[in-house]
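Trainee: Need a 3D model of the following:
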Amino acid sequence: MQSFRRAALRAACSSQRAMAVPRQQVASFAIQISKQNLRPTTSFLLARAFSRSAPVAEEAPGSVQAKVETVRKGHTVFIGNMSYDATETHLHEAFSKYGDILSITIPRDGRGSARGFGFVNFQDEAAVEAAVEGANQSFWHGRRILVQPRRQTEEQRAKPAGRPESTPSNYLYIGNIPYETSDADLNALFNELEGLTAVRVAIDRNTGWPRGFAHADFESVEAATAAMEKINTRQMGARVLRADYTTQNTPKKGSRSSSSSSSAAPAEDSEASF
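Mentor: Numbering: from 1, shown residues only. Just a heads-up that it's a prediction; the model follows:
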């Protein structure tokens, strides 16, 4: 009887061990599957992020300057209320009949979606006038578009009558920066300025794109004055940059700057240092 009980006990233990092995194997197999599924996904995300940033990183300052010079020599029209599906090719097809086109720009947000307006840069003023006369308030891609000249003469860049002269200082306000400006464009501009010690570009937190202005610090008033004269003759994209003296700018609470180590959530509009 005792030998029978021992045999039954050994059989029961062997059965439990046999049943336990598959559970461990199944658990191990499940973990391996989950890890294998994660690795390709992570690699894909990294590759996609790199592919988006690579063109900006590889863009040479010389090519950016060439684009700026090309726009400066031409005459630009602003096209508003555009269809969000319209592309540069569509604009070229619609406006090439008015004259020779040097460049076409459709500003886009951080996700790559069109913002609903664009710029066509023509070779001469006659093409601008023809485009405004022929396309303004016309229906295009299901919308009534607005077509207006986008240019700024020396007289328009001059300070308005009655405006007090700014007090010269080491600090400049730089405005009218195109919203679609890339880091390469900004670096190409700031690398030309001598005596520059710091620069802060206002950034939209939601899109990650510039908000159209920046603050720059210089070693001396003379350096700031020389930089202001150079900036006020520069055109970036379809806009003529505008610079003027200002007081020392203190970044807003929550803004991103090289001297800030706060981990608080950023404000809706922040500043990125270059």
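
Trainee: Using CSV, write out the CA atom coordinates for the one helix or strand Phe119 maps to.
Mentor: Taking DSSP states H and E as the definition, Phe119 sits inside strand 118-122. In CSV, the C-alpha atoms belonging to strand 118-122 read as follows (Å, rounded to 0.1, in the frame of the first residue of the first chain):
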residue,chain,number,x,y,z
GLY,A,118,1.2,81.9,-50.8
PHE,A,119,3.6,84.1,-52.7
VAL,A,120,4.5,84.2,-56.3
ASN,A,121,7.7,86.1,-57.2
PHE,A,122,7.9,87.5,-60.7
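
Trainee: How about residues contacting that strand?
Mentor: With contacts defined as Cβ atoms under 8 Å, 6 or more residues apart in numbering, strand 118-122 is touched by 70-71, 74-79, 82, 86, 88, 91, 95, 98-107, 128, 131, 150, 237-238. C-betas here are computed from N, CA, C, even on glycine.

Trainee: Show the buried residues in the residues you listed.
Mentor: 71, 74-79, 82, 86, 91, 95, 98-99, 101-107, 128, 131, 150, 237-238 (16 or more other Cβ atoms under 10 Å).

Trainee: Which residue ranges make up the domains of this structure?
Mentor: Residue ranges for the domains of the chain, per automatic domain parsing: 71-151, 165-273.

Trainee: For Val128, which three-state class applies?
Mentor: Using DSSP: H, G, I helix; E, B strand; the rest coil, the structure places Val128 in helix.

Trainee: Quick check: it vs Ala238, distance?
Mentor: 12 Å (Cβ to Cβ, to the nearest Å).

Trainee: list residues touching both of these two?
Mentor: With contacts defined as Cβ under 8 Å, 6+ apart, the residues shared by Val128 and Ala238 are Thr76.

Trainee: Just confirm His92 is within a helix.
Mentor: Yes - the assignment for His92 (three-state DSSP) places it in a helix.

Trainee: so it sits right up against Ser103, yeah?
Mentor: No - contact criterion Cβ atoms under 8 Å: His92 and Ser103 do not qualify, at 10.1 Å.

Trainee: pLDDT weak spots in the chain?
Mentor: By pLDDT under 70, the low-scoring segments of the chain are 1-74, 151-165, 207, 249-274.

Trainee: mind listing the strands for it?
Mentor: 75-80, 101-105, 118-122, 139-140, 143-144, 146-150, 171-175, 196-204, 210-218, 235-236, 239-240, 242-246, 269-273 (DSSP state E).

Trainee: The strand holding Phe119 pairs with which strands, parallel or anti?
Mentor: Strand pairing for strand 118-122, using DSSP bridges, gives strand 75-80 (antiparallel), strand 101-105 (antiparallel).

Trainee: Now for the closest residue to Gln137 other than its chain neighbours: which residues touch it?
Mentor: Using Cβ to Cβ, 6 or more residues apart in numbering and skipping the chain neighbours, the partner closest in space to Gln137 is Arg144 (6.0 Å). Applying Cβ under 8 Å, 6+ apart, we find Arg144 in contact with Asn81, Gln137, Ser138.

Trainee: can you rerun that using 10 Å?
Mentor: Shown in contact with Arg144 (Cβ atoms under 10 Å, 6 or more residues apart in numbering): Gly80, Asn81, Asn136, Gln137, Ser138.
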